[in-house]
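A.B. asks: Turn this into a model:
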Amino acid sequence: MSKTTNKYAPEVRERAARMVLGNEGQHDSRWAAIPSISAKIGCAPQTLNEWIKRAEIDSGQRAGIPAEMAEKMKVLERENRELRQANDILRKASTSITPLEPVA
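C.D. replies: Numbering: from 1, shown residues only. From the prediction side, this is the model:
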């Protein structure tokens, strides 16, 4: 499993999203504002659009799972998977051990 590193800090993402949302009135549409701001930041317009969607989800303006909750779910799912694997190992080990015969 590979983990990608983010090129932009979370603060940069949040600031860029705020810039777009704050400057929507100066443009015909949100999409008209995105290219000008993404050029200033140095990212692709599609990337900035994804940051805006994530910011709206996190603030409750758009339906979806907030990033904080998604991260908690990811950690819990990983922990659950590890516990299932440990249980499988213990189950297999317990069936391979022959029971001791009682001494009379």
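
A.B. asks: drop to CA atoms for contacts and neighbour counts, all remaining ones
C.D. replies: Fine.

A.B. asks: per-residue confidence for residue 3?
C.D. replies: With respect to pLDDT, residue 3 scores 61.

A.B. asks: er, residue 63 I mean
C.D. replies: Residue 63 is given a pLDDT of 90.

A.B. asks: For it, which residues are in contact?
C.D. replies: Residue 63 makes contact with residue 57, according to C-alpha atoms under 8 Å, 6 or more residues apart in numbering.

A.B. asks: Could you say which helix or strand holds it?
C.D. replies: Using DSSP states H and E, residue 63 is not contained in any helix or strand.

A.B. asks: And it, its phi and psi?
C.D. replies: Dihedral pair for residue 63: phi -70, psi 140, per degrees, to the nearest 10.

A.B. asks: One more: residue 9?
C.D. replies: Dihedral pair for residue 9: phi -70, psi 150, per degrees, to the nearest 10.

A.B. asks: Next, count neighbours for residue 29.
C.D. replies: Residues lying near residue 29 (other C-alpha atoms under 10 Å) number 11.

A.B. asks: Could you pull up phi and psi at residue 61?
C.D. replies: phi -80, psi -20.

A.B. asks: same question but for residue 7, I mixed them up
C.D. replies: phi -70, psi -30.

A.B. asks: any idea how far residue 63 is from it?
C.D. replies: Distance of residue 7 to residue 63, given as C-alpha to C-alpha, to the nearest Å: 26 Å.
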